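1. Have a look; sequence and predicted model below, questions after that.
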Amino acid sequence: MRAGGIHHAELILLLLLFLVGALTTLSRRFQTPYPIVLVIGGLLLSFIPNLPQISLNPDIVFLVLLPPLLFAAAFNTSWHDFRFHLVSVLLLAFGLVGFTVLGVAVASEYLLPASIDWRLGLVLGAVVCSTDAIAATSIASRVGLPRALVDILEGESLVNDASSLLAVEFAAGLVASGQNPGFSQGLLRLLTLVGGGLVVGLIAAWLIHRLQLRLTDPPIEITLSLMAPYVSYLLAESMHVSGPLATVVCGLYLGHKSSEVFSTQARLENAAVWNTLDFLLNGVVFILIGLQLPFILSGIRTIGHRELLFDAGIFTGVVIALRLLWMYPGAWLAYWIRTRLLKQNYPPPQARAIFVLGWTGMRGVLALAAAISLPRTIDNGSPFPQREVIIFLTFSVILVTLVVQGLTLPSLIRALGLCEADPLETVEREARKTMLRGALDYLESIESDKGRPDEAVWLDVLQHYKERYAMVEEPPKDVKDPTSGQWVQMYDLNNRVRAAERATLVKMRYEDRISDHVLRKLERELDLLDTRFS
């Protein structure tokens with residue numbers, strides 16, 4: 001690459017990062033999920049003349065952005081909760097995907113222009129199947145959506161990336177070749193992609209895990225974790241199986257095993273690195289979505305903008321309606337399988353919860369990248385029919401589901417009375433109690449050991465853990481629980497005290513009484529206290 005090209009790429013990257021920071025700050029000021037503000041901001045910026053044109057390259061999305069985003073989401077997913085809700089997740093990731101593809105194909109015959117037949121309807125349905133749970137889960141966590149619904153949403157967005165891309169491959173191949181694939185051929189390809197993706201993901205995760213067990217240097221451990229998504233994805237793609245599914249499996253496995261391999265230092269630094277990377281990649285992705293409208297419109301010359309907007313409204317309504325239509329029978333089917341066949345203790349689905357789950361089908365960059373990646377020509381050399389229209393309709397679905405559904409979701413959750421306290425708080429309290437009981441059992445077990453520390457030291461540690469256990473098990477009866485106002489004052493006072501410590505440290509550094517190395521070491525201790533009591 002020439003120096004001029006590198007310089008241009010650097011300027012574009014700096015512009016994107018600046019926009020991510022500025023628009024995210026704006027979103028927090030207005031208490032709006034940042035994906036919505038980034039998409040709207042990118043859309044508005046796309047109309048500014050002389051602004052650098054930044055097109056969305058599907059290869060960049062699939063090979064550079066998608067692997068770490070999928071891996072980070074899977075790594076932070078609870079395997080316990082994912083496994084518990086697996087039936088519901090699979091019915092959404094495969095059942096809903098198939099229902100949407102077929103439903104759009106049928107609707108396209110009657111509601112969309114005559115140039116879009118049922119085959120192109122299959123392509124349309126396939127490219128808009130993948131959901132993006134970032135906006136939905138950020139809203140859900142803020143307003144208190146039941147944890148089970150959040151787990152199902154996150155699980156669906158992980159798995160349906162693979163199933164939707166598989167649907168795109170089948171539908172686009174059908175249009176390109178003009179032949180109907182046999183059922184046995186399609187089933188074999190599905191089993192190959194899914195089964196191969198699972199196997200490759202597990203093998204890659206196992207090898208990386210074994211290597212992590214031998215490492216004790218945090219920078220190298222973090223470097224290996226950054227390589228993991230690309231290793232699993234590229235290995236699967238090179239074997240012509242599902243790269244997204246392999247990456248998800250690898251992330252789930254390594255996330256489940258992370259407590260066994262990471263040292264304390266590596267765990268803290270790894271979380272900081274991945275949180276920043278995940279935020280930046282998601283931010284760039286959502287801005288790029290908004291910036292694509294001029295490119296999309298420039299490729300459409302045979303249809304007027306008014307007709308395009310009308311078709312986009314019809315198509316978006318169909319996609320939203322199909323998801324809502326599937327949700328009710330799908331939820332009861334999942335309930336029947338989970339309670340009757342798997343004998344799970346699971347409450348019957350509520351109509352209002354099902355509706356909210358249906359309303360959170362927000363689309364993201366994967367859908368747009370899938371549409372842009374459609375071939376420009378079919379097998380006989382003629383242009384892929386209505387390719388630009390398909391891209392525009394996909395963009396419209398992404399924009400409406402992110403902005404309209406995203407902005408109305410908090411009010412909908414509150415209106416339906418689905419806000420609740422986080423049930424994980426109770427589980428966390430019990431886990432903390434059991435953890436402290438384990439520490440006390442260990443201390444009591446070494447009381448008579450010859451290698452036990454000095455008795456004064458041992459008694460001091462034992463008393464400390466007994467006090468912590470007593471506070472968790474049952475607060476002292478003669479001490480009243482702090483009021484919410486007292487908690488706020490306590491939190492504020494602790495923050496001000498640590499700020500005074502930091503100010504003293506900085507003053508000592510400027511007076512040349514301590515070096516920067518001492519400053520950073522003591523500053524880190526204060527940072528850890530901030531994290532502990534935040």
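-> Ah, there it is. Predicted model only: the values in this text are computed from it and were never measured. Residues are numbered from 1 along each chain as shown.

2. tell me the mean pLDDT over the helix or strand containing residue 442?
-> Assigned by DSSP states H and E, residue 442 falls within helix 424-445. Averaging pLDDT along helix 424-445 gives 77.

3. and it, how far out from the chain's middle?
-> Centre-to-centre, helix 424-445 and its host chain are 31 Å apart (CA atoms, centre = their mean, to the nearest Å).

4. Helix 424-445 and the helix or strand just after it, what's the angle between them?
-> Next helix or strand after helix 424-445 toward the C-terminus (DSSP H and E): helix 455-473. Computed by axes from the mean of the first three to the mean of the last three CA atoms, to 10 degrees, the angle separating helix 455-473 from helix 424-445 equals 150 degrees.

5. Any buried residues in helix 455-473, and which?
-> By neighbour count on 16 or more other CB atoms under 10 Å, the buried set for helix 455-473 is 465, 468-469, 472. For every residue, glycine as well, the C-beta is placed using N, CA and C.

6. mind putting those residues in CSV, pLDDT and distance to residue 320 included?
-> As requested, these are exported to CSV (pLDDT from 0 to 100; distance: CB to CB, whole Å):
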residue, pLDDT, distance to residue 320
465, 78, 54
468, 74, 50
469, 78, 51
472, 71, 46
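
7. which of these lies closest to residue 189?
-> residue 472 (53.7 Å; CB to CB).

8. what about the closest residue in space to that closest one that isn't next to it in sequence, how many neighbours?
-> Distance criterion CB to CB, 6 or more residues apart in numbering; nearest residue to residue 472, sequence neighbours excluded, is residue 433 at 4.8 Å. Each residue near residue 433 was counted by other CB atoms under 10 Å, and the total is 14.

9. list the helices and strands the helix or strand containing residue 277 packs on?
-> Using DSSP H and E, residue 277 sits within helix 264-291. Helices and strands touching helix 264-291, by 3 or more CB pairs under 8 Å, 6 or more residues apart in numbering; DSSP states H and E, are helix 3-29, helix 34-45, helix 66-75, helix 218-238, helix 365-372, helix 387-400.

10. Please name the residues that touch residue 314.
-> Residues in contact with residue 314 (CB atoms under 8 Å, 6 or more residues apart in numbering) are 111-112.

11. hang on, it in a helix?
-> Yes: counting by DSSP: H, G, I helix; E, B strand; the rest coil, residue 314 falls inside a helix.

12. Distance check, it against residue 111.
-> Separation of residue 314 from residue 111 (CB to CB, to the nearest Å): 5 Å.

13. Settle this for me: the residue nearest to residue 472 is touching residue 471, isn't it.
-> No: using CB atoms under 8 Å, residue 433 is not in contact with residue 471, being 10.0 Å away.

14. Output stretch 79-99 as CSV, restricted to C-alpha atoms.
-> Only the C-alpha atoms of stretch 79-99 are listed here, as CSV (Å, rounded to 0.1, in the frame of the first residue of the first chain):
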residue,chain,number,x,y,z
TRP,A,79,-22.7,-21.3,30.0
HIS,A,80,-25.1,-22.3,32.8
ASP,A,81,-27.8,-19.9,31.6
PHE,A,82,-27.2,-20.6,27.9
ARG,A,83,-27.5,-24.3,28.5
PHE,A,84,-30.7,-23.9,30.6
HIS,A,85,-32.4,-21.8,27.8
LEU,A,86,-30.9,-23.8,24.9
VAL,A,87,-34.3,-25.0,23.6
SER,A,88,-35.7,-21.5,23.5
VAL,A,89,-32.5,-20.2,21.8
LEU,A,90,-32.5,-22.9,19.2
LEU,A,91,-36.1,-22.5,18.3
LEU,A,92,-35.4,-18.8,17.7
ALA,A,93,-32.1,-19.3,15.9
PHE,A,94,-33.3,-22.0,13.6
GLY,A,95,-37.1,-22.1,13.8
LEU,A,96,-37.7,-18.4,13.6
VAL,A,97,-35.0,-18.0,10.9
GLY,A,98,-36.7,-20.6,8.7
PHE,A,99,-40.2,-19.1,9.4
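
15. quick one: that stretch to chain centroid distance?
-> From the chain centre to the centre of stretch 79-99 is a distance of 16 Å (CA atoms, centre = their mean).

16. circling back to that earlier point, dump the buried residues of helix 455-473 to CSV, plus distance to residue 368.
-> Below are the buried residues of helix 455-473 laid out as CSV (distance: CB to CB, whole Å):
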residue, distance to residue 368
465, 54
468, 51
469, 53
472, 49
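
17. Most widely separated two among these?
-> Among these, the pair separated by the greatest distance (CB to CB) is 465 and 472, at 10.6 Å.

18. who touches both of these two?
-> Overlap of the contact sets of residue 465 and residue 472 (by CB under 8 Å, 6+ apart) consists of residue 436.

19. What are the buried residues along stretch 70-81?
-> Of the residues in stretch 70-81, 70-78, 81 count as buried by neighbour count, 16+ other CB under 10 Å.

20. check contacts around the spatially most central residue of the chain.
-> Among the residues of the chain, the one closest to the centroid is residue 73, at 4.3 Å (CA atoms, centre = their mean). Residue 73 sits next to 133, 154, 157-158, 248, 251 when contact means CB under 8 Å, 6+ apart.
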